[in-house]
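S.K.: I need the structure of the sequence given here:
(one chain, ligands or ions: 1)
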Amino acid sequence: MIDPLLDLTEEQRAIIETARAFGDEHLRPNAAAWDRDAHFEPSLVPALGELGFLGMLLPAEYDGLGLDARSYLLALEEIAAADASTAVMMSVHNSLPTQMLLTFGSAAQKQRYLAPMARGERLGAFALSEPDAGSDAASLRCQARRDGDHWILDGAKSWVTSGTHAGVILAMARTDTPDARKGAKGISAFIITPDLPGFSVGKKEDKMGMRASPTVQLVFDGMRVPADRLLGQEGMGFIYAMQSLEHGRLGIAAQAIGIARAAYEAACTYVTERKQFGKAIAEFQAVQFKLADMATRITAARSLLHMAAAAKDRGVEIGAQSSMAKLFASETAMWVTTQAVQLFGGYGYVKEYPVERYFRDAKVTEIYEGTSEVQRVVIGRAALSGL
Ligand code: CAA
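M.R.: Take a look at the predicted model:
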């Protein structure tokens, strides 16, 4: 249950109800099978588009719902509580490529790509990491060189969420030259579509969790990109990516809270049904204390997230707060799902119940869109500069 202290509007309650109904009908009944088969269900993309959930933050002129960040994050939590894999697809799409286009794109670029993305006709992806450039994102090596009215891109991007089905990918590549490297300022952002010559989808990862969300490498082999696909200014791609990740990390926090909540709710039900030593295990104080700590941490994580999101909606800079929300929510998800598995005992360790999936799904929230260590770097630097 969403905390009543959040003081939600009627519209926000309606969004939560819509997301919950979608999760109950389309996600919860299928999540275990999709996880087992590592199956991405493509029909979810137009279905979420139909609901407006792929353009939640986009203005109406691009067929979006024009909602604030808090409303979007409430919907995302509900979707994540039903199926975390669907939530990461929705989070990446809404937080990274669409936001990058909306914020830094030209009028023509926005006109061309945003409305089809909002309608669910083109799924969005974000390609920053490379096999040798993860936390140290500025060390990426994918190279772009100008050739008349095109850029030629060569390199590989990795860990690309939804990369198999993406219709628009915001990819970062170097536009400086080997003899004059400019570090983070030598990186530019490009709008990539899978029809470009030289584009291919590489290895699909066989993952511990989030198995219904395809994570792939993308290979750019002499890929010819029309010059008008450069996003914003040359050399600003790293900064655009960092600014977009501030938003993305709020999405991952909401996703982590949804996973934690699902595990907590499953545990609450289980402990009232499971009998040992002649009574429901819920009657043992040790069990009640675990539930108390789970509920407290989830509520704290949600409070931190909604404080950051409300600040963002007021136009306040939230770099470090976004990292705090992501750090705390993802560590909460890992901790809460670990407690849930423990409360289920042996049944928590088998696939008959969903908590082992929640546990596996939770782990990556401490890794993607910046590891917990990277979040601490961002928060630590802000602390030293007088946060
Ligand atoms: N907003 C604006 N500008 C920013 C910024 C921000 N949030 N963060 C950095 N910058 C600017 C800096 O000010 C600096 O510019 P100046 O030199 O003019 O000051 C420039 O960018 C370089 O910044 P840093 O010196 O801080 O760069 P760094 O190399 O030390 O890196 C880092 C900092 C925080 C570790 C960064 O590399 C980082 O966030 N790494 C993690 C990357 C990440 O999250 N990857 C996930 C990819 S997405 C994914 O997981 C897959 C998916 O599909 C979900």
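
S.K.: give me the residue from the stretch 201-350 of the chain nearest the ligand.
M.R.: M242 (3.5 Å; C-beta to the nearest ligand atom). For the C-beta atoms, the positions are set from N, CA and C on the backbone; glycine is no exception.

S.K.: what's the helix or strand for that residue?
M.R.: Under the criterion of DSSP states H and E, M242 resides in helix 237-273.

S.K.: would you mark the buried spots in that helix?
M.R.: For helix 237-273, a neighbour-count test (16 or more other C-beta atoms under 10 Å) marks 237-264, 266-267, 270-271 as buried.

S.K.: hmm, who's touching the helix or strand just after it?
M.R.: Downstream of helix 237-273, the next assigned helix or strand under DSSP H and E is strand 275-276. The list of residues contacting strand 275-276 from outside it, by C-beta atoms under 8 Å, 6 or more residues apart in numbering, reads I281.

S.K.: pull the contacting residues for the residue nearest to H165 when sequence neighbours are not counted.
M.R.: Sequence neighbours aside, L123 is the residue nearest to H165 in space, at 5.3 Å (criterion: C-beta to C-beta, 6 or more residues apart in numbering). For L123, the contact set (C-beta under 8 Å, 6+ apart) comprises V45, L54, M89, H93, M117, S162, H165, A166, G167, V168.

S.K.: which stretches of the stretch 201-350 of the chain form strands?
M.R.: Using DSSP state E, counting those that start in this stretch, the strands found in the stretch 201-350 of the chain span residues 215-226, 230-231, 275-276, 279-280.

S.K.: what is the burial count for the closest residue to G232 other than its chain neighbours?
M.R.: Spatial nearest neighbour of G232, chain neighbours left out: F104 (3.9 Å); criterion: C-beta to C-beta, 6+ apart. Counted with other C-beta atoms under 10 Å, residues neighbouring F104 total 20.

S.K.: so for F104, what pLDDT did the model give?
M.R.: pLDDT, F104: 98.

S.K.: now it: how far from the ligand?
M.R.: In this view, F104 and the ligand are 12 Å apart by C-beta to the nearest ligand atom, to the nearest Å.

S.K.: next, that residue: phi, psi?
M.R.: The phi/psi pair for F104 (degrees, to the nearest 10) reads phi -120, psi -10.

S.K.: please apply the same query to L67.
M.R.: Torsion angles, degrees, to the nearest 10, at L67: phi -90, psi 170.

S.K.: I'd guessed it sits against F53; true?
M.R.: No. L67 is not in contact with F53 according to C-beta atoms under 8 Å; the separation is 10.0 Å.

S.K.: have a look at these two and say which one is more surrounded.
M.R.: For L67 and F53, the more surrounded residue by other C-beta under 10 Å is F53, and the numbers stand at 26 against 22.

S.K.: show me the contacts for the more buried one.
M.R.: Here F53 is in contact with A19, F22, A75, I79, M90, N94 (C-beta under 8 Å, 6+ apart).

S.K.: check T103 too.
M.R.: Y240, Q243, S244.

S.K.: confirm it sits in a helix?
M.R.: Yes. Looking at T103 with DSSP: H, G, I helix; E, B strand; the rest coil, it is inside a helix.
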